[in-house]
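Chemist: generate a structure from the sequence data that follows.
(one chain, ligands or ions: 1)
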Amino acid sequence: MKLYAAPLQGFTEAPWRNLHQEVFGGIDAYYTPFVRMEKGEFRNKDVREIASENNTVSRLIPQLIASTPAELERLAGLFIEKGYKEADINMGCPFPLMTGKHKGSGILPYPAEVEALLKELVHYPELGFSVKMRLGWECADEWRPLLPLLNAAPLRRIVLHPRIGKQQYKGEVDLAAFTAFYEECAHPLVYNGDLLTVEDIRKVDEEFPRLEGVMLGRGLLANPALAWEYANGTVFSPDELHEKVKALHARLLQYYEAHLQGEAQLLSKMKPYWEYLLPDADRKIKKAIKKATTMDKYLTAVNQL
Ligand SMILES: Cc1cc2nc3c(=O)[nH]c(=O)nc-3n(C[C@H](O)[C@H](O)[C@H](O)COP(=O)(O)O)c2cc1C
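Modeler: Predicted coordinates for the structure are as follows:
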């Protein structure tokens, strides 16, 4: 079973991905957070994010978000220009800023718009496409009229996160709906959602033996060793894990110290990682990290872990 690293805007950017592969590994391919058009232009930040000189992981799949064939054309063109052979289309993002423009999961209630995007794919035989999607935006059966369109499209895989957009990341994943999708999906299918432990991954693998793989998001941010542990059938001791997490953290911090300006920027980049990282660590220390207002206080707390 393949293990994919999910895209998480603000977290799994190039520095994290590069260091994650170096320090932990176990991932078959990393997906980038979505690249989008803004007022008809690419954002410099997005272009830097996917530039080959900034990426060292062995397999990287850039993701685009688009609602029209014209946007898809520009973004696919960018990926080809940057040398990519694979690309992912985001049909899952739940944020109203995107969904309001029929992007991300906001496109799912509109089969004609999904079809128009999918029809565009034949123009890029040099790119192997995947779609990362939810069950729907408002209802958990919006995928039903879409699946024949997806099945007919030249896709390498579908990654399904079995929630609806309106749920954001809350509530339960809908395994019954995932099962129905799994039964009818003609493409290799990847499960994504709430996999936090090796046992969680095993259960999904057992329940859905035809899966091509699983995609790990917040579970991998919390325990960066998760994929490696599953792939190798062995689990790190809490002490070993802490040491490796500290090594990853130190190198990420070193990178951002060199690339961001000032304490405030550095703290606002680093602190959010602790929303996820090491959920079982001492609560007082985690609280001190999240409340730190200076780098001194932040590092004192991190060093207590
Ligand atoms: C902060 C945050 C940012 C995200 N950014 C993206 C993104 O850019 N593209 C995407 O397809 N999914 C994005 N996601 C969704 C994740 O890739 C994943 O589908 C979701 O977190 C469910 O998987 P998990 O339970 O393993 O985390 C994001 C999720 C979060 C919490």
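Chemist: can you list the buried residues in stretch 147-157?
Modeler: 147, 149, 150, 153, 155, 156, 157 (16 or more other C-beta atoms under 10 Å). From N, CA and C alone the C-beta is placed, and that goes for glycine too.
Chemist: touching the ligand at all, it?
Modeler: No. Using C-beta under 6 Å from any ligand atom, stretch 147-157 stays clear of the ligand, coming no nearer than 13.4 Å.
Chemist: show me what contacts the most centrally placed residue in the chain?
Modeler: The centroid of the chain falls nearest to residue 7 when counting by C-alpha atoms, centre = their mean (1.9 Å). Neighbour list for residue 7: 31, 32, 33, 34, 63, 132 [criterion: C-beta atoms under 8 Å, 6 or more residues apart in numbering].
Chemist: make TSV out of these and add distance to the ligand, pLDDT and secondary structure.
Modeler: Output for the contacts of residue 7, formatted as TSV (distance: C-beta to the nearest ligand atom, whole Å; pLDDT from 0 to 100; DSSP: H, G, I helix; E, B strand; the rest coil):
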residue	distance to the ligand	pLDDT	secondary structure
31	7	98	strand
32	8	98	strand
33	3	98	strand
34	4	98	strand
63	6	98	strand
132	5	98	strand
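Chemist: can I get the residues you listed in JSON lines with neighbour count?
Modeler: Shown next, in JSON lines, are the contacts of residue 7 (neighbours: other C-beta atoms under 10 Å):
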{"residue": "31", "neighbour count": "27"}
{"residue": "32", "neighbour count": "25"}
{"residue": "33", "neighbour count": "20"}
{"residue": "34", "neighbour count": "23"}
{"residue": "63", "neighbour count": "24"}
{"residue": "132", "neighbour count": "27"}
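Chemist: residues touching residue 38, list them.
Modeler: With contact set as C-beta under 8 Å, 6+ apart, residue 38 has no partners.
Chemist: ramachandran angles for it?
Modeler: Phi and psi for residue 38, reported as degrees, to the nearest 10, are phi -130, psi 120.
Chemist: that one bridge partners, please.
Modeler: Counting by DSSP bridges, residue 38 is bridged to residue 41.
Chemist: check it and give its pLDDT.
Modeler: pLDDT, residue 38: 94.
Chemist: what distance do you get for it to residue 117?
Modeler: Separation of residue 38 from residue 117 (C-beta to C-beta, to the nearest Å): 19 Å.
Chemist: and if you look at residue 7?
Modeler: Counting by C-beta to C-beta, the gap from residue 7 to residue 117 is 18 Å.
Chemist: and what of residue 297?
Modeler: Distance check for residue 297 against residue 117: by C-beta to C-beta, it reads 48 Å.
Chemist: these two - which one has more neighbours?
Modeler: Ranked by neighbour count (other C-beta atoms under 10 Å), residue 297 and residue 117 place residue 117 first, with 21 against 14.
Chemist: give the contact list for that one.
Modeler: Here residue 117 is in contact with 66, 67, 68, 69, 72, 89, 107 (C-beta under 8 Å, 6+ apart).
Chemist: quick check: the third one touching residue 116?
Modeler: Yes. At 7.3 Å, residue 68 and residue 116 qualify as touching, with contact defined as C-beta atoms under 8 Å.
Chemist: got the phi/psi numbers for residue 130?
Modeler: Dihedral pair for residue 130: phi -130, psi 160, per degrees, to the nearest 10.
Chemist: in the sheet, who's paired with it?
Modeler: Counting by DSSP bridges, residue 130 forms beta bridges with residue 88, residue 157.
Chemist: that one touches residue 157, doesn't it?
Modeler: Yes. Counting by C-beta under 8 Å, residue 130 does reach residue 157; the two are 4.5 Å apart.
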